[in-house]
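> Okay, sequence plus prediction incoming.
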Amino acid sequence: MKKNKIILLLLVCSLFAPASILAIPASKGIEHKSMELTIEPKMIPYKELDSAIKKTVEQAINHYADGKRVKLETAIKMEIFRGKNKAEGWRIENKDRSAVINVDAASGKVIDLSLLLTMSEMKGKYKKQLEAANAVVKQVKAEAVFTGERVDFSINEWRNRQSITFITKDEQSIELDLKTCKPSYYSFKFKASNVDGKIMRTAEQAVKCLRDGKFASFTYIRRNSQSKGVVDIWEFKRKVEIKRADIAKYEHVEIGENGNKAYAIESQVYIDGKTGKLFSADVSPKTHNQKQVQLTQEQAVEIAIPAAQKMFGKDLSTYKVKVSSSKKVYTFSSKGEESILARFDKYGNLISMQRLV
């Protein structure tokens with residue numbers, strides 16, 4: 001059985017050095033005049049690195065690795081950019097790159113550090129934070145269970161905060177303030193029974209408006225929430241497994257986490273978690289036993305107006321209409337109001353409505 005993995009990402013800026021960026025050589029055909037490299041990357045064995053830098057790096061690893069022992073092997077001299085200024089830096093790695101540390105060459109200070117840990121290597125240093133993560137899950141009635149499969153740990157001076165993020169095998173995550181253990185962001189999956197009734201009804205109604213009153217239960221519900229209110233979005237999907245050979249037959253497709261399964265997205269809805277208002281709704285085009293239809297603008301507007309009234313509570317009858325060259329996308333706009341976008345498929349079906357914010 002494979003060991004559960006934990007990633008410990010350390011941007012150790014506030015303790016060791018100012019925030020900065022490592023330079024990556026520009027791709028061919030793209031100019032980066034403000035970030036031109038003046039030195040070529042140079043690789044040396046880690047053992048040949050300055051002893052003072054090695055001491056600082058090893059102290060940083062020992063401080064954050066929670067008992068993990070790391071054998072560093074290579075050091076690459078690169079350029080580091082701090083705004084418009086640039087300086088030399090070292091990128092230090094072990095063989096499998098489960099440990100990567102960036103250091104300012106002049107000062108010898110660690111800029112950022114990334115570690116990959118397994119559960120067996122953890123000694124309990126972040127137990128309090130892990131308990132806090134699971135407490136939030138229980139409070140909001142999500143499905144996530146954090147056992148520490150992966151952990152991203154970061155300290156950012158430019159953001160003036162320290163954070164730790166726990167991630168499950170199915171990509172649910174929560175970010176906490178390292179010191180206070182208060183959540184700053186989470187992305188959780190939910191059962192329909194644990195979703196606010198008003199939010200759930202809005203999602204279902206949106207699909208019905210695009211499906212002539214028909215609705216099939218969502219198979220995937222997720223909420224992405226940031227504590228300061230910058231992000232708070234409910235995501236609803238109905239995903240149906242399909243054969244990989246049939247992917248081309250569907251407009252909206254997702255590949256499973258292990259890459260072996262493919263899913264057609266029959267419906268997808270996004271709702272503002274703060275206000276409960278609908279952002280957008282999409283359904284897969286209906287292709288079976290249908291003839292292609294080229295709607296006139298009058299026909300498309302006649303279909304979109306009642307749908308917008310039901311979905312967004314907006315009367316589009318006085319809005320200006322802009323039609324795409326394909327004659328399938330209609331944008332309704334009015335001064336002082338949010339624009340509404342309506343999209344039709346080649347069979348004349350309304351398959352998407354979106355509030356442009």
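Structure received.

> Just to check, L178 is in contact with I164?
Yes: applying C-beta atoms under 8 Å, one finds L178 in contact with I164, separated by 5.0 Å. For glycine as for every other residue, the C-beta is placed from the backbone atoms N, C-alpha and C.

> Beta-bridge partners for F344, please?
Here F344 sits in beta bridges with L350, going by DSSP bridges.

> ok, how many other residues are close to it?
Here the number of neighbours of F344 (other C-beta atoms under 10 Å) works out to 23.

> Next: R244.
Using other C-beta under 10 Å, R244 is surrounded by 11 other residues.

> what's the helix or strand for I101?
Secondary structure from DSSP states H and E places I101 in strand 99-104.

> meant to ask about L176
Assigned by DSSP H and E, L176 falls within strand 173-177.

> which other residues reach that strand?
Outside strand 173-177, the residues within contact range by C-beta atoms under 8 Å, 6 or more residues apart in numbering are 129, 132-133, 136-137, 144, 146, 152, 161-167, 182-188.

> now it, how far from the chain's geometric center?
Its chain's C-alpha centre and that of strand 173-177 lie 13 Å apart, by C-alpha atoms, centre = their mean, to the nearest Å.

> re earlier: of the contacts of strand 173-177, buried ones?
Neighbour counting by 16 or more other C-beta atoms under 10 Å classes 129, 132-133, 136-137, 144, 146, 152, 162-167, 183-188 among the contacts of strand 173-177 as buried.

> For Y185, pull up the helix or strand it's in.
Secondary structure assignment for Y185, by DSSP H and E: strand 183-189.

> Adjacent strands (with direction) for that strand?
Here strand 183-189 has these sheet partners by DSSP bridges: strand 173-177 (antiparallel), strand 220-226 (antiparallel).

> what comes into contact with the last one?
With contact meaning C-beta under 8 Å, 6+ apart, strand 220-226 is reached by 140, 142, 184-192, 195, 231-239, 273.

> From the contact counts, what lies against the helix or strand that it is followed by?
The helix or strand immediately downstream of strand 220-226 is strand 232-242, counting by DSSP H and E. Contacts defined by 3 or more C-beta pairs under 8 Å, 6 or more residues apart in numbering; DSSP states H and E place strand 232-242 against helix 197-210, strand 220-226, strand 262-272.

> Let me see the mean pLDDT of the next helix or strand along the chain from the last one.
Think strand 262-272. Sequence order places strand 278-283 as the next helix or strand after strand 262-272, per DSSP H and E. Averaged across strand 278-283, the pLDDT comes to 96.

> tell me the angle strand 278-283 makes with strand 232-242.
In terms of direction (axes from the mean of the first three to the mean of the last three C-alpha atoms, to 10 degrees), strand 278-283 departs from strand 232-242 by 10 degrees.

> export strand 278-283 as CSV, just CAs?
What follows is strand 278-283, C-alpha atoms only, in CSV (Å, rounded to 0.1, in the frame of the first residue of the first chain):
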residue,chain,number,x,y,z
LEU,A,278,-27.1,32.8,-9.3
PHE,A,279,-23.9,33.4,-11.2
SER,A,280,-24.3,31.0,-14.1
ALA,A,281,-25.9,27.8,-15.3
ASP,A,282,-25.0,25.5,-18.1
VAL,A,283,-26.4,22.3,-19.5
